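Asks: Here's my sequence, what's the structure:
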Amino acid sequence: MIDPAQLTRRAVRQRNSPGRGALALATLLKPDAFAAIPGNGPAVPGLLKRLHHEPKAKRVIYLFMSGAPSHLDLYDPKPKLVEMTGKDLPDSIRQGQRITGMTSGQKNLFCVASPFKFARHGQAGTEFSEVIPNIAGLADEMTCIRSMFTEAINHDPAVTFFGTGHQQPGRPTMGAWASYGLGSENSDLPGYICMQSGGGGQPLQSRYWGPGFLPAQHGAVTFRGAGDAVLYLSNPPGLSSAARRSTIDAMNELNRLQLGALGDPAIAAQIENYELAFRMQTSVPELMDLSKEPDSTFELYGAKKGAPSFAANCILARRLAERGARFIQLNHRDWDHHGGLPGALPNKAKEVDQGAAALVKDLKQRGLLKDTIVIWGGEFGRTAYSQGEIKKESFGRDHHPRCFTIWAAGGGFKAGAVHGATDDFGYNITRDPVSVHDFHATLLHLLGVDHLKLTFRHEGRDYRLTDIHGELVKGILG
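Replies: This next block holds a predicted model:
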């Protein structure tokens with residue numbers, strides 16, 4: 001009998017929630033009691049015993065460009081801005097919309113054209129900037145969504161919103177929801193993995209890939225590009241694998257007793273994390289060892305052996321996809337070009353262009369692209385007007401949530417398509433708007449999940465990734 005005084009408020013709620021503690025315990029002690037999703041092979045089960053409908057994709061690779069790349073200089077050409085350069089943005093275009101404090105004090109909002117040339121690519125003739133020639137070569141593989149829009153106008157809430165569907169911190173990210181609902185295809189690897197590259201720019205908060213209020217095992221495990229892939233994964237000097245196994249067994253036995261008494265899912269998460277960490281001691285070193293990759297792989301991706309980079313992370317993302325990771329997030333920093341854009345943007349684009357394109361090509365040649373979704377994009381767009389004085393090498397663009405471009409390839413997205421359009425200034429959407437919630441609903445749909453039905457009860461309310469919004473965007477489905 002448990003002393004009521006020893007029960008936490010959370011434990012009381014869990015004991016009064018029918019079956020949740022028993023479910024967590026049963027999953028740990030007898031995981032084969034829960035049917036794996038058909039076609040995914042040996043798996044760590046998620047919440048869903050069966051998918052809501054036939055999936056097009058099994059996994060996601062999210063290439064997040066932190067800082068917000070300029071759609072006007074990469075994906076959405078606007079010839080009108082050539083004649084408008086040095087002239088004020090018309091009031092009829094701005095329509096009184098809010099702007100950030102970084103440009104609200106400017107006497108003029110002078111339009112500025114892209115300094116980069118655009119050319120048509122692929123059978124559909126989609127236009128891309130000259131600074132991303134390799135990504136442009138994917139024109140016939142991707143859906144280029146030019147009509148994304150968001151609610152937040154500053155970086156942190158915008159990154160939080162695109163990742164979780166809400167501007168305030170504390171909710172689960174896309175990857176956490178995928179892990180929670182679908183589980184993992186590989187019990188020796190986390191279902192959700194995150195890697196970083198690039199330096200400077202906006203800081204990356206760990207909650208950008210966190211579980212929010214979902215059980216802790218659904219947050220991403222961060223892999224590092226140098227040294228041990230995961231901190232403290234290796235045994236300390238003098239501790240054998242057998243000794244560590246014995247220690248974990250002892251801790252987990254105590255945790256199982258407590259779990260059986262309290263039914264608190266947080267204890268179940270603790271047990272699973274200990275077990276996963278032990279299994280990762282074998283699986284992760286093999287995964288991160290690129291020495292057996294042929295020279296042709298490094299040439300394809302533009303990576304250097306032994307040197308951490310976005311391109312190297314793309315190779316690892318492909319290896320993770322092969323091994324059954326559910327959601328892989330590659331964050332690349334420093335796309336926040338408030339000044340010096342003509343020189344800085346090409347350098348930043350060069351860091352990711354070859355690796356991102358190679359990832360899609362490599363997945364396709366291995367037969368993985370058909371059930372792997374690759375997403376490329378930032379948290380919002382950039383303004384048609386210049387931040388600061390317009391000079392050949394020094395103008396910048398401010399934040400712009402009203403419209404921006406992302407692209408997605410594989411896993412059921414329409415190939416060789418452009419969805420949506422913006423006005424002559426790249427300032428307002430003129431056709432087929434796609435909200436962040438709509439995109440989330442569509443992403444889950446391709447994974448075989450109805451966004452309305454994947455929920456988690458927290459503080460008396462059923463939450464979902466799309467909150468109380470979200471519509472399936474049928475126009476981007478293949």
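Asks: Just give me how far stretch 426-442 sits from the chain centre.
Replies: Shown here is stretch 426-442, whose average C-alpha point lies 17 Å from the average C-alpha point of the whole chain (Cα atoms, centre = their mean, to the nearest Å).
Asks: again with stretch 389-409
Replies: Taking mean C-alpha positions (Cα atoms, centre = their mean), stretch 389-409 and its chain are 21 Å apart.
Asks: Mind listing what's buried along that stretch?
Replies: By neighbour count on 16 or more other Cβ atoms under 10 Å, the buried set for stretch 389-409 is 390, 395-409. C-beta: built from backbone N, CA, C; applies to glycine.
Asks: Next, the distance between the ends of that stretch.
Replies: 38 Å (Cα to Cα, to the nearest Å).
Asks: Stretch 121-132 too?
Replies: 12 Å.
Asks: avg pLDDT for it?
Replies: For stretch 121-132, mean pLDDT rounds to 96.
Asks: before we move on, what about stretch 53-73?
Replies: Averaging pLDDT along stretch 53-73 gives 97.
Asks: ok so, going back, which of the buried residues of stretch 389-409 sits closest to R146?
Replies: In terms of Cβ to Cβ, no member of these lies closer to R146 than T405, at 4.9 Å.
Asks: Hmm, G381 and the closest one touching each other?
Replies: Yes. Between T405 and G381 there is a contact under Cβ atoms under 8 Å: 7.2 Å.
Asks: helices and strands of this protein: which one bottoms out on pLDDT?
Replies: Confidence across the helices and strands of the chain bottoms out at helix 20-29, with a mean of 41, counting by mean pLDDT, DSSP states H and E.
Asks: just checking, next helix/strand downstream of it?
Replies: Later in the chain than helix 20-29, the nearest helix or strand by DSSP states H and E is strand 59-65.
Asks: ok, residues contacting that following strand?
Replies: Counting contacts by Cβ atoms under 8 Å, 6 or more residues apart in numbering, the residues outside strand 59-65 that touch it are 174-175, 178, 185, 317, 321, 324-332, 335, 352, 356, 359, 371-378, 411, 443, 447.
Asks: How far does that strand sit from its chain's centre?
Replies: A distance of 4 Å separates the C-alpha centroid of strand 59-65 from that of its chain, computed with Cα atoms, centre = their mean.
Asks: Buried ones in that strand, by neighbour count?
Replies: Neighbour counts using 16+ other Cβ under 10 Å place 59-65 of strand 59-65 among the buried residues.
Asks: quick check, nearest of those to A344?
Replies: Looking at these and their distance to A344, the nearest is M65, at 13.2 Å (Cβ to Cβ).
Asks: Apart from its neighbours in sequence, what residue is nearest the closest one?
Replies: The shortest distance from M65 to any non-neighbouring residue, by Cβ to Cβ, 6 or more residues apart in numbering, is to G378 (4.4 Å).
Asks: related to what we said a few turns ago, quick check: neighbours shared by T405 and G381?
Replies: Shared contacts of T405 and G381 (Cβ under 8 Å, 6+ apart): 71, 148.
Asks: tell me which element F298 falls in.
Replies: Secondary-structure element containing F298, defined by DSSP H and E: helix 295-301.
Asks: Let me know how buried the closest residue to K117 other than its chain neighbours is, in neighbour terms.
Replies: Distances taken as Cβ to Cβ, 6+ apart place E130 nearest to K117, at 4.7 Å, with adjacent residues excluded. For E130, the number of neighbouring residues by other Cβ atoms under 10 Å comes to 15.
Asks: can I assume E130 is in contact with P115?
Replies: No. Using Cβ under 8 Å, E130 is not in contact with P115; the gap is 10.0 Å.
Asks: tell me the pLDDT at I375?
Replies: 98.
Asks: Between strand 59-65 and the helix or strand harbouring it, find me the angle.
Replies: For I375, the element it lies in under DSSP H and E is strand 372-377. In terms of direction (axes from the mean of the first three to the mean of the last three Cα atoms, to 10 degrees), strand 372-377 departs from strand 59-65 by 10 degrees.
Asks: ok, residues contacting strand 372-377?
Replies: Residues external to strand 372-377 that are found in contact with it (Cβ under 8 Å, 6+ apart): 57-65, 69, 135, 148, 321, 356, 359-360, 363, 404-413, 443, 446-447.
Asks: In strands, which of those residues appear?
Replies: Assigned to strands by DSSP state E, the following of the contacts of strand 372-377 qualify: 59-65, 148, 404-409.
Asks: which two from these end up farthest apart in space?
Replies: Using Cβ to Cβ for every pair in the ones in strands among the contacts of strand 372-377, the one that comes out farthest apart is R59 and F404, at 24.8 Å.
Asks: Centroid-nearest residue for this structure?
Replies: Y62 (3.9 Å; Cα atoms, centre = their mean).
Asks: ok, A415 to R59 distance?
Replies: 18 Å (Cβ to Cβ, to the nearest Å).
Asks: Check T126 too.
Replies: Note on T126: its distance to R59, by Cβ to Cβ, is 26 Å.
Asks: do the same with E286
Replies: E286 sits at a distance of 19 Å from R59 (criterion: Cβ to Cβ).
Asks: Kind regards, and thank you for your time.
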